[in-house]
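**Q** Output the structure for:
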Amino acid sequence: MAVTVDIKALLEAGVHFGHKTSRWHPKMAPYIHSKRQDSHIIDLTKTVSALEKALPVITDTVASGKQVLLVGTKRQAQDIVKAAAEKTGQPFVTERWMGGMLTNTTTMVSRIKHLKTLERKMDSGELANRYNKLEVQRFQEEIDDLNKKYGGIKDLDGKPGLVVVTDVIEDQNAVSEAVKLGVPVVGIVDTNADPSRVTYPVPANDDAIKGIQLIVDYIVAAIEEGNATSSKKEGK
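**A** Here you go, the predicted model:
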């Protein structure tokens with residue numbers, strides 16, 4: 001059953017509020033409903049259509065056994081995206097996008113392998129047995145730092161099937177790397193962004209916490225539907 005998008009909920013969450021007209025991107029013209037004072041108003045019927053197009057893709061990606069990488073490094077989106085990823089078991093990036101996270105696999109695999117090795121040695125007590133307290137503390141600090149940078153993609157199995165970005169300007173590097181690898185991108189695009197950069201642009205306010213939460217909730221529902229379908233396939 002496809003995820004149902006409620007236009008009234010989008011309105012109540014402020015998803016329709018765009019940026020000032022002076023900051024608009026001309027390619028967003030088809031998604032703009034009107035102007036209110038000096039700001040653009042997003043056409044929510046276009047937002048609904050965009051979500052109705054993108055959400056089944058998310059579901060199908062997960063149902064096929066591929067991962068969806070959730071990206072939201074802007075302050076307003078960090079906690080929302082991390083919670084969504086942890087709830088659905090998907091990889092995520094909520095701290096700074098480290099260059100090459102998708103394109104420089106050699107370096108990423110090496111850093112994550114190092115992180116997992118340190119964690120294993122810390123958990124087993126090997127480090128505590130071999131080093132003094134200060135040295136162990138330094139190892140823990142290194143683990144914490146590596147987890148902050150790469151913890152969300154520790155279990156990313158190769159190239160993701162899809163990348164979801166909550167702000168295509170803030171996380172343009174994630175978009176660029178996905179495009180370079182031919183990975184489809186679902187991205188929230190506000191009135192100041194270029195929608196042509198992403199495969200599935202979702203016109204929406206990318207600053208309002210309630211709006212981000214609502215759209216991410218829809219994405220979570222789509223992922224969970226994909227997980228359920230995948231589980232049924234495995235149960236056959």
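
**Q** Check the secondary structure at Met101 for me.
**A** Judged by DSSP: H, G, I helix; E, B strand; the rest coil, the three-state class of Met101 is coil.

**Q** worst-scoring helix or strand of the protein, pLDDT-wise?
**A** Least confident element among the helices and strands of the chain, by mean pLDDT, DSSP states H and E: helix 209-235 (a mean of 89).

**Q** Give me the buried positions along that helix.
**A** Across helix 209-235, burial judged by 16 or more other CB atoms under 10 Å covers 211-216, 218-227, 230. C-beta here means a position set from N, CA and C on the backbone, and glycine is covered the same way.

**Q** Could you give the separation of stretch 117-126 from the chain centroid?
**A** How far stretch 117-126 lies from its chain's middle: 30 Å, per CA atoms, centre = their mean, to the nearest Å.

**Q** ok, now stretch 31-47?
**A** Stretch 31-47 sits 24 Å away from the centroid of its parent chain (CA atoms, centre = their mean).

**Q** now the end-to-end length of that stretch.
**A** Across stretch 31-47, the terminal residues are separated by 8 Å (CA to CA, to the nearest Å).

**Q** Strands along the protein, start to end?
**A** Taking DSSP state E, the strands of the chain run over residues 17-20, 32-36, 39-42, 68-71, 92-93, 162-165, 185-189, 200-203.

**Q** Alpha carbons of the last one, as CSV, please.
**A** By that I understand strand 200-203. Provided in CSV are the C-alpha atoms of strand 200-203 (Å, rounded to 0.1, in the frame of the first residue of the first chain):
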residue,chain,number,x,y,z
TYR,A,200,13.5,13.4,-7.8
PRO,A,201,13.1,17.0,-6.6
VAL,A,202,10.6,17.6,-3.8
PRO,A,203,9.7,21.4,-3.7
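
**Q** I'd like the strands of the chain as a markdown table, with distance to Arg130, mean neighbour count and mean pLDDT appended.
**A** A markdown table is the format used below for the strands of the chain (distance: least, CB to CB, whole Å; neighbours: other CB atoms under 10 Å; pLDDT from 0 to 100):
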| stretch | distance to Arg130 | mean neighbour count | mean pLDDT |
| --- | --- | --- | --- |
| strand 17-20 | 55 | 20 | 93 |
| strand 32-36 | 62 | 14 | 92 |
| strand 39-42 | 58 | 20 | 96 |
| strand 68-71 | 36 | 28 | 98 |
| strand 92-93 | 33 | 26 | 98 |
| strand 162-165 | 40 | 29 | 98 |
| strand 185-189 | 45 | 27 | 98 |
| strand 200-203 | 50 | 25 | 98 |
